[in-house]
Every structure is written in structure tokens, then in C-alpha cells.
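A.B. asks: Make a model of this:
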Amino acid sequence: MTDLAERRCVPCEGGVAPLTRVAAEEVLQRLDEGWQLSVDGSNIQREFRFIDFYRTMSFVNALAHIANIEDHHPDLELGWGYCRVRYTTHAIRGLSENDFICAAKLDAIALR
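C.D. replies: As a prediction, the model looks like this:
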């Protein structure tokens, strides 16, 4: 889907500015249309839907694997048939390229 899914996250310990809203909107165009930028531009979120709890949890386990490999972890809300994912880079209180890299990786596994 996008070259973002092929990239790796770079550790972010702070000290850099988050992406501007304009920059975030540009990168957002490279993701599935389900991703939304928050009003304040500090995070992106998407809801994934599944036909049952088993598939939801399978997706969450795959997501957890990606998060651990990339060392970049989203906030999740999940229940029967859905998982809401929100990415932000906590160290900079806003968005970094890491958020979009991980979102692209989720888009890739959600298509399978």
C-alpha cells in the first residue's frame, strides 16, 4: 500500500517538534482512508471492524507484535468485533513519522 509500511521506527526521546497539522495531513494521505487526524492534530485514530471476538483478538495480537518490534505503542480500545487504535508520540506530545509508519503496518495486516 505504501512505502511507510516498509520503514522502521526511530526511537524518539523528545527534543524534537511534533509534525505540524499541514505535514500530518500530507502524510495521512498515504494511509487508508479510515485513519483520521484529531482536531488538535496531536494523534491519528482508526477503528477496525471484525466479524467476531476471536478475529478482533487475533488482530490485537498481531498489532502488539508490531508495536513491540517497532517499540512504538498505540492506545487501544477494543471489544466484540472492533478495535480502536490511536497513535501519538508521547515523548513529544504530538505526531511523529513513527505514528504513520505503525499505522501503515496495521493497514497492511488488516488487508489480509
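A.B. asks: Now name the helix or strand holding the nearest residue to Tyr87 once chain neighbours are set aside.
C.D. replies: Leaving aside its chain neighbours, Tyr87 sits nearest to Asp99 (3.8 Å; criterion: Cβ to Cβ, 6 or more residues apart in numbering). Where C-beta positions appear, they are placed from N, C-alpha and C, glycine not excepted. If you go by DSSP states H and E, Asp99 is part of helix 97-110.
A.B. asks: can you tell me the average pLDDT over that helix?
C.D. replies: Taken as a whole, helix 97-110 has an average pLDDT of 96.
A.B. asks: cool, and stretch 55-70?
C.D. replies: 97.
A.B. asks: contact partners of the lengthiest helix in the chain?
C.D. replies: Across the chain, the longest stretch assigned as helix under DSSP state H is helix 53-70. The contact list for helix 53-70, computed with Cβ atoms under 8 Å, 6 or more residues apart in numbering, reads 8-9, 48, 50, 73-74, 76, 78-83, 85, 98, 101-102, 105-106, 109-110.
A.B. asks: make it 6 Å
C.D. replies: For helix 53-70, the surrounding residues in contact (Cβ atoms under 6 Å, 6 or more residues apart in numbering) are Cys9, Phe50, His73, Leu78, Trp80, Gly81, Cys83, Cys102, Lys105, Ile109.
A.B. asks: Show the buried residues in the residues you listed.
C.D. replies: In the contacts of helix 53-70, burial by neighbour count holds for Cys9, Phe50, Leu78, Cys83, Cys102, Lys105, counting by 16 or more other Cβ atoms under 10 Å.
A.B. asks: so which of those residues comes closest to Gly41?
C.D. replies: The nearest member of these to Gly41, counting by Cβ to Cβ, is Cys102 at 17.5 Å.
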